[in-house]
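Student: quick one, fold the following:
(chains A and B)
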2 protein chains.
Amino acid sequence: MPPRRCTIARHSSDYDSDSYSHYDHDNTTMRCISCLEDYDPDDAGTCKVCYEEANETEEELKREIDDLKAKVAFLKLSSPVDHHHRFYGPTSSDVVLVASDDGPGGPAVPVPAHKAVLVSRSPVFKAMLENDMEESRSGTIKISDVSYDVLRAFVSYLYTAEACLDDQMACDLLVLAEKYEVKHLKAHCEKFLMAKLNWDKSVVNYAFAYRHNANHLLEAALALITDNMDKLTKNEDYTELVENNPRLVVEIYEAYLKKQVNTAASKGSSIKL
Amino acid sequence: MPPRRCTIARHSSDYDSDSYSHYDHDNTTMRCISCLEDYDPDDAGTCKVCYEEANETEEELKREIDDLKAKVAFLKLSSPVDHHHRFYGPTSSDVVLVASDDGPGGPAVPVPAHKAVLVSRSPVFKAMLENDMEESRSGTIKISDVSYDVLRAFVSYLYTAEACLDDQMACDLLVLAEKYEVKHLKAHCEKFLMAKLNWDKSVVNYAFAYRHNANHLLEAALALITDNMDKLTKNEDYTELVENNPRLVVEIYEAYLKKQVNTAASKGSSIKL
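Tutor: Residues are numbered from 1 along each chain as shown, chains lettered A, B, ... in the order given. Coordinates of the predicted model:
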């Protein structure tokens, strides 16, 4: 960006020659303290005091971030499913989770965990393990409709608040997070899917979000769809949705209509419905 | 703060009448976008672009803080020593810690905990519990020179990263944190003691910091002492320190001398040593 030349007349009084001086009397320009470029009064932003206050605020926020990052690092537990953890040492798990759809490859591999962690992270596990239920007595929790890899990632997240996501993993983990009421994981997956949302995925994500009460994703997908209604019937997932869940399609049209009415109202005109 | 009146001459070209306009052509003043007060060119801070960028940065930092706070809330475990926790339920502890100086009031009350948590938080507990040591076999860890209340606060911190501190508790927890290599807690206590540091506590804090390798506290206390050398011999902890640890007193004088030499050097003069 080339320096913007200021065109104001020379200021003749109260000249302060301290190191912050950014009003160049010889050239009748003002200099931005931040980008160090000259600027025109029409491009003026803040006074020096506000600039310094904003700078202090930014430093404070950065310090708070450093403190919080250190706290997260401290609070993270080593995952019982990572390779460095000793499964069978004296600190080994007191409960195992077993995926129930591991297919024909043999018996499901149990994923080790600790009751204290599961209870802290999920109200569902809490109810299961703190009451005299089958899972509590046997020390085995069966998780249906999930693969070993997803279950492993799920348990790992409960210890570390971290997961390596792609679209499929984000959907699978969101389903588990919804089922076991792990809100933080659900929000994490939803945020990931929203960041990756595009037209091709919009209908399928809309249906998915609806099924699993992912309201932020639902709104984002619906907004994307109603912004592109001319392409809707050509979207490859549309026909399937009409067949499988026509009610959901109706909701798309209702949302579109509502948007049209609101747009018309905000323009102060009326549309022909 | 009363509005600062700008004295620059009226600017006659390129007037932009958008809502951000802060250069008042009728009154030949500029207005700060942030505090909305008029300012003089000598008080100019930043251009509009930099102001807007700084604003965006601040918003981003605040979002990051919210995300990190949510992560901390997720990762916190419920402390096994709080009153709502079920000590003897199916998720109860697999290890107890016992304070060894509970005095004549009867046998020490054990503090319940989980090996998995202790191992995650402290390299010392990790070595103790993952190897075939007495503590690992018996499930009891004896902690010497500590009261029940301090031990309870220590264990609670390992689950929650939170502690209710006063001067005494901060010192006691710092000692335990140093012994069991819980760096996050040590830094937390040190920060607390530094924030509370004043002249009356400076000598005793200096000696304490020295004993327990609390280097930030040590530096802060030493700086405070060497800034007030005229009062040093009257400080009520000074005589005791001379008696108990004269080497530490020597280090104060050495630091003072070094400071004097540095000050003289930075002024480009010499002092009579």
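Student: what about the residue nearest the centre of chain A, which helix or strand?
Tutor: Note on chain A: the residue nearest the mean C-alpha position is A:K191, at 2.6 Å, using CA atoms, centre = their mean. Using DSSP states H and E, A:K191 falls within helix A:183-195.
Student: and for that helix, what's in contact with it?
Tutor: By CB atoms under 8 Å, 6 or more residues apart in numbering or on different chains, the residues outside helix A:183-195 that reach it are A:154, A:157-158, A:161, A:163, A:165, A:167, A:170-171, A:173-174, A:176-178, A:205, A:209, A:214, A:216-217, A:220, B:70-71, B:73-74. Every residue, glycine included, has its C-beta placed from N, CA and C.
Student: average pLDDT for whichever helix or strand comes after that helix?
Tutor: Scanning forward in sequence from helix A:183-195 by DSSP H and E, the next helix or strand is helix A:199-211. Regarding helix A:199-211, the rounded mean pLDDT is 96.
Student: angle of the helix or strand that helix A:199-211 is followed by against helix A:183-195?
Tutor: Sequence order places helix A:215-226 as the next helix or strand after helix A:199-211, per DSSP H and E. For helix A:215-226 against helix A:183-195, the angle by axes from the mean of the first three to the mean of the last three CA atoms, to 10 degrees is 20 degrees.
Student: report the buried residues of helix A:215-226.
Tutor: A:217-218, A:220-222, A:224-226 (16 or more other CB atoms under 10 Å in any protein chain shown).
Student: ok, it near chain B or not?
Tutor: No. Against chain B, helix A:215-226 shows no contacts by CB under 8 Å from any CB of the partner chain, the least distance being 14.0 Å.
Student: and that helix, what does it pack onto?
Tutor: If you count contacts as 3 or more CB pairs under 8 Å, 6 or more residues apart in numbering or on different chains; DSSP states H and E, helix A:215-226 packs onto helix A:183-195, helix A:199-211, helix A:246-266.
Student: for these, give me a markdown table that also has distance to B:V146.
Tutor: What follows is the helices and strands packed on helix A:215-226, written out as a markdown table (distance: least, CB to CB, whole Å):
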| stretch | distance to B:V146 |
| --- | --- |
| helix A:183-195 | 34 |
| helix A:199-211 | 52 |
| helix A:246-266 | 61 |
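Student: lowest average confidence across the ones you listed, which one?
Tutor: The lowest average pLDDT among the helices and strands packed on helix A:215-226, as it happens, falls on helix A:246-266, at a mean of 92.
Student: can you check what angle separates it from helix A:199-211?
Tutor: For helix A:246-266 against helix A:199-211, the angle by the same axes, to 10 degrees is 110 degrees.
Student: ok, A:D200 - contacts?
Tutor: A:D200 makes contact with A:235-236, according to CB under 8 Å, 6+ apart.
Student: go on, the one 4 residues further on?
Tutor: For A:V204, the contacting residues are A:D237, taking CB under 8 Å, 6+ apart as the criterion.
Student: gap between it and chain B?
Tutor: For A:V204, the distance to chain B equals 27 Å [CB to the nearest CB, to the nearest Å].
Student: how about low-confidence regions in chain A?
Tutor: Residues of chain A that meet the criterion pLDDT under 70 lie in A:1-29, A:83-91, A:101-106, A:269-273.
Student: what's the domain layout of it?
Tutor: Using automatic domain parsing, the domain ranges for chain A come out as A:78-196, A:200-273.
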